[in-house]
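**Q** After the sequence you'll find the predicted model.
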Amino acid sequence: MHVVWILLFLLVLALAWVLTLFSMPGNWLIVAAAATFAFLGAADDEPEVSWTVVAVLAGLAALGEVVEFAASALGTTRAGGSRRGALLAIGGAVVGSIVGAVIGLPIPVVGSVVGVLLFASLGAMAGAMIGESWKGRTLDESIEVGQAAFWGRLAGTLAKTGIGTVMVLVAGVAAVM
């Protein structure tokens, strides 16, 4: 029965990792799953995920949030973007990731991942451009901020997903060792 719990745990880790691509708190779900696994496994003598591993995962999740936020914020602010543009870029990224997942469905696995990454970045670009236009900026200024939001969002998501990959590996190895 222990093998079934480990396999279920690994499945939850994989699903949480995928949620990170959708601008959802997937890395924090990895931490929650590891904490649950550590709590439930504390009573028996089987090798389990330790609380030290849970703490390391929480630190990595926090690092992922900081890196994602910093990349997105730096991209938008370096181009002179406003707070409104940054907020609409976040909303556009969420909507874009959902649209990208749907559009990428016909191509198994890779299509959805590429669709989510590309369309989340395009959504951030569109949101930033709308925010900047709404603020009274010229089209050229809005495009410049939008492009910065695109690259910042893409870099932030890739970095956070990379950290999520490390988290899945750490938690998975801890569970099976």
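**A** On my side now, so go ahead. Computed from a prediction, not measured in an experiment: that's the story for all the values here.

**Q** any idea what sits nearest the residue most central in space within the chain, other than its immediate chain neighbours?
**A** Nearest to the mean C-alpha position of the chain, by C-alpha atoms, centre = their mean, lies Thr20 at 3.0 Å. What sits nearest to Thr20 in space, not counting adjacent residues and going by C-beta to C-beta, 6 or more residues apart in numbering, is Gly26, at 3.4 Å. C-betas here are computed from N, CA, C, even on glycine.

**Q** I figured that neighbour hits Leu19, correct?
**A** Yes - between Gly26 and Leu19 there is a contact under C-beta atoms under 8 Å: 3.5 Å.

**Q** okay, the two: which has more neighbours?
**A** Gly26 (24 against 16; other C-beta atoms under 10 Å).

**Q** what pLDDT does that one get?
**A** In this model, Gly26 is scored at 93, pLDDT.

**Q** who's in contact with stretch 134-149?
**A** 72, 75-76, 78-82, 84-86, 88-89, 124-130, 132-133 (C-beta atoms under 8 Å, 6 or more residues apart in numbering).

**Q** Could you identify the buried members of the residues you listed?
**A** Buried residues within the contacts of stretch 134-149, counting neighbours by 16 or more other C-beta atoms under 10 Å: 72, 75-76, 79, 81-82, 85-86, 88-89, 124-130, 132-133.

**Q** show me what contacts the residue nearest to the centre of the chain?
**A** Here Thr20 is in contact with 26-27, 64, 157, 160-161, 164 (criterion: C-beta under 8 Å, 6+ apart).

**Q** Spell out which helix or strand contains it, please.
**A** Secondary-structure assignment from DSSP states H and E places Thr20 in helix 2-21.

**Q** Show the subsequent helix or strand relative to that helix.
**A** Taking DSSP H and E, what comes next after helix 2-21 is helix 26-41.

**Q** Output the contacting helices and strands for the helix or strand just after that following helix.
**A** Counting by DSSP H and E, the element after helix 26-41 in chain order, helix or strand, is helix 51-78. Counting contacts by 3 or more C-beta pairs under 8 Å, 6 or more residues apart in numbering; DSSP states H and E, helix 51-78 is packed against helix 26-41, helix 83-104, helix 139-176.

**Q** who's in contact with the second one?
**A** When contacts are defined by C-beta under 8 Å, 6+ apart, helix 83-104 is touched by residues 21-23, 72-73, 76-77, 81, 111-132, 134-135, 145, 149, 153.
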